[in-house]
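Student: Need coordinates for the below:
(2 chains)
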Amino acid sequence: MNKHNRLFELFWTYIKIGAFTFGGGYAMISLVQAEIVDKKHWISTKEFMNMIAISQATPGVIAINTATFVGYYIGGFWGSLVATLGVTIPSYIVIVIISLFINQFLELTWVAYAFEGIRASVIVLILDAVFRMGKQIKPNMFNIVLGLTAFLIASFTDFSVVLLILIGGILGIIWQIYIVKAYENENNKEEVDNDH
Amino acid sequence: MITKLVTLFGVFFLIGLFTIGGGYAMIPLIQQQVVQNFGWISMEKFVDFLAIAESTPGPFAVNIATFIGMDMDGLIGAAVGVLGCILPSFIIILIIAKYLRNFSDNKFVKAALYGMMPIVVALIASAVFTLFLSNVLHTSVQDFTFSNFDWKALVAFVIAVFIYYKFKINPILLIVISAGLGIILYGLLPMIGI
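Tutor: Okay, here's the model as predicted:
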């Protein structure tokens, strides 16, 4: 298959993926797996899993991260460009169309009532994200103290949330690399001493 | 007008860059930057956008960026918002894919993410707290009061929690059910004097 055909196919595949996944990056993974790995065999499952792991451990929108990654692997820079644009364009079009009508729509009395209820469900969905993400974090002293402090600062002050995240990163490095490691080395030394 | 677009781009670039661990991490960032700092949209409108972004296809972050950009400056605003939001991902992943395949194995990267995760979760929890205050008590931390307490909003919230966790339904169905609940609570009940 020539290069242009493949780029076009990649673009079209990602348009489909963007148009048919609800619920963001994680929901997208199974669709990408089905299309790109199982059907087209453009990349292996192992490579794909590796890309997802990196996408999750990298700043940025996960869906865009994986699209850029998969696209780059299949077609270099242009591959990453068409995959990223492909996954973005359906959202853009759908939301633009909705936006054109949303203000008039929200002004309808009964729609406004419906949205009073919908707001409650949005809070529940965000709360659920907190639980899901929270489960992946070890409940040790470092995480609990850091989390609680950040919660209080974010809720009761105007302190920048971006700075809070950066501070978390710096504290993570200090804690993991300079304190936990030093502690482990100390313990290992004692074990060696005990052996004698 | 150009200044506004540049600011919009910059704000969404920052939001895209600091979205760590999934689309929901954007919520506290948008709340602080777009709602509080710049006042581009109201809190109510933001929550409405979240509901629509959740029930339309595509990446949550892109949907939200399109919505806010469109609200500010039409098609161009939407394009600028989306570009700002996806460019950090695009650039970072290109660099990683080309030069740094072992990026996520790096001990400093791992340690930084380890410290960032509890913060991100705490920030989303704080967004829930703020949304709860504004939606149920119609108040904020800055000028707190109980006098605007909206018991119907609390009922809608409790029922939504119950249905979501009891029946494990998908988010879109929850939104549809809650819409019906809103119509009953705010439209039909007042007709019989409640």
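
Student: Kindly provide the distance from the residue most central in space within chain B to chain A.
Tutor: The centroid of chain B falls nearest to B:Ile27 when counting by CA atoms, centre = their mean (3.2 Å). Separation of B:Ile27 from chain A (CB to the nearest CB, to the nearest Å): 6 Å. (C-beta placed from N, C-alpha, C; glycine too.)

Student: any residues touching the host helix or strand of that residue, and which ones?
Tutor: Using DSSP states H and E, B:Ile27 sits in helix B:26-30. Outside helix B:26-30, the residues within contact range by CB atoms under 8 Å, 6 or more residues apart in numbering or on different chains are A:61, A:126, A:154, A:161-162, B:14-15, B:18-19, B:46, B:50, B:60-61, B:64, B:68, B:123-124, B:126-127.

Student: Quick check: mean pLDDT of that helix?
Tutor: Averaging pLDDT along helix B:26-30 gives 91.

Student: what comes up buried for it?
Tutor: B:26-30 (16 or more other CB atoms under 10 Å in any protein chain shown).

Student: hmm, back to that, which ones among the contacts of helix B:26-30 lie within helices?
Tutor: Of those, the ones assigned to helices by DSSP state H are A:126, A:154, A:161-162, B:14-15, B:46, B:50, B:60-61, B:64, B:68, B:123-124, B:126-127.

Student: Most neighbours among these, which one is it?
Tutor: Within these, B:Ala61 tops the neighbour count with 32 neighbours, counted by other CB atoms under 10 Å in any protein chain shown.

Student: can you give me phi and psi for the closest residue to it other than its chain neighbours?
Tutor: Once flanking residues are discounted, B:Ala61 sits nearest to A:Val61: 4.2 Å by CB to CB, 6 or more residues apart in numbering or on different chains. Taking degrees, to the nearest 10, you get phi -70, psi 120 for the backbone angles of A:Val61.

Student: isn't A:Val61 right next to B:Ser89, touching?
Tutor: Yes: between A:Val61 and B:Ser89 a contact is recorded at 5.1 Å, counting by CB atoms under 8 Å.

Student: Touching both of the two, which residues are there?
Tutor: B:Gly16.

Student: wait, what's in contact with residue 65?
Tutor: This is for chain A. Going by CB under 8 Å, 6+ apart, the list of residues near A:Asn65 reads A:25, A:54-56, A:58, B:89, B:92-93.

Student: Not quite, go with chain B.
Tutor: Listed by CB under 8 Å, 6+ apart, the contact partners of B:Ala65 are B:12, B:15, B:78, B:81-82, B:84-85.

Student: got JSON lines for those, with pLDDT and secondary structure too?
Tutor: Below are the contacts of B:Ala65 laid out as JSON lines (pLDDT from 0 to 100; DSSP: H, G, I helix; E, B strand; the rest coil):
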{"residue": "B:Phe12", "pLDDT": "94", "secondary structure": "helix"}
{"residue": "B:Ile15", "pLDDT": "92", "secondary structure": "helix"}
{"residue": "B:Ala78", "pLDDT": "96", "secondary structure": "helix"}
{"residue": "B:Gly81", "pLDDT": "95", "secondary structure": "helix"}
{"residue": "B:Val82", "pLDDT": "96", "secondary structure": "helix"}
{"residue": "B:Gly84", "pLDDT": "96", "secondary structure": "helix"}
{"residue": "B:Cys85", "pLDDT": "94", "secondary structure": "helix"}
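
Student: Out of those residues, which two sit at the greatest distance?
Tutor: Spanning the widest gap among the contacts of B:Ala65 are B:Ile15 and B:Ala78, at 14.7 Å by CB to CB.

Student: Give me the neighbour count for B:Ser89.
Tutor: Neighbours of B:Ser89 using other CB under 10 Å come to 28.

Student: what's near enough to touch it?
Tutor: So B:Ser89 contacts A:58-61, A:64-65, A:68, A:84, B:16 (CB under 8 Å, 6+ apart).

Student: So for the residue lying closest to B:Leu14 once chain neighbours are set aside, what's the pLDDT?
Tutor: Nearest non-adjacent residue to B:Leu14, counting by CB to CB, 6+ apart: A:Val162, 6.3 Å away. With respect to pLDDT, A:Val162 has a value of 91.

Student: who's in contact with residue 63?
Tutor: In the absence of a named chain, this looks at chain A. Contacts of A:Ala63 by CB under 8 Å, 6+ apart are A:21, A:24-25, A:28, A:87, B:23, B:58-59, B:61-62.

Student: um, chain B though
Tutor: With CB under 8 Å, 6+ apart, B:Asn63 has these contacts: A:91, A:94-95, B:52-53, B:56.

Student: Show the contacting residues for B:Ser178.
Tutor: Contacts for B:Ser178 were tallied using CB under 8 Å, 6+ apart; they are A:117-118, A:120-121, B:156, B:160.

Student: which one of the residues you listed is nearest A:Ile36?
Tutor: Taking CB to CB as the measure, A:Ile36 sits nearest to A:Ser121 out of those, at 32.8 Å.

Student: Next, count neighbours for the closest one.
Tutor: 30.

Student: Quick check, it in contact with B:Leu174.
Tutor: Yes: A:Ser121 is in contact with B:Leu174 according to CB under 8 Å; the separation is 4.9 Å.
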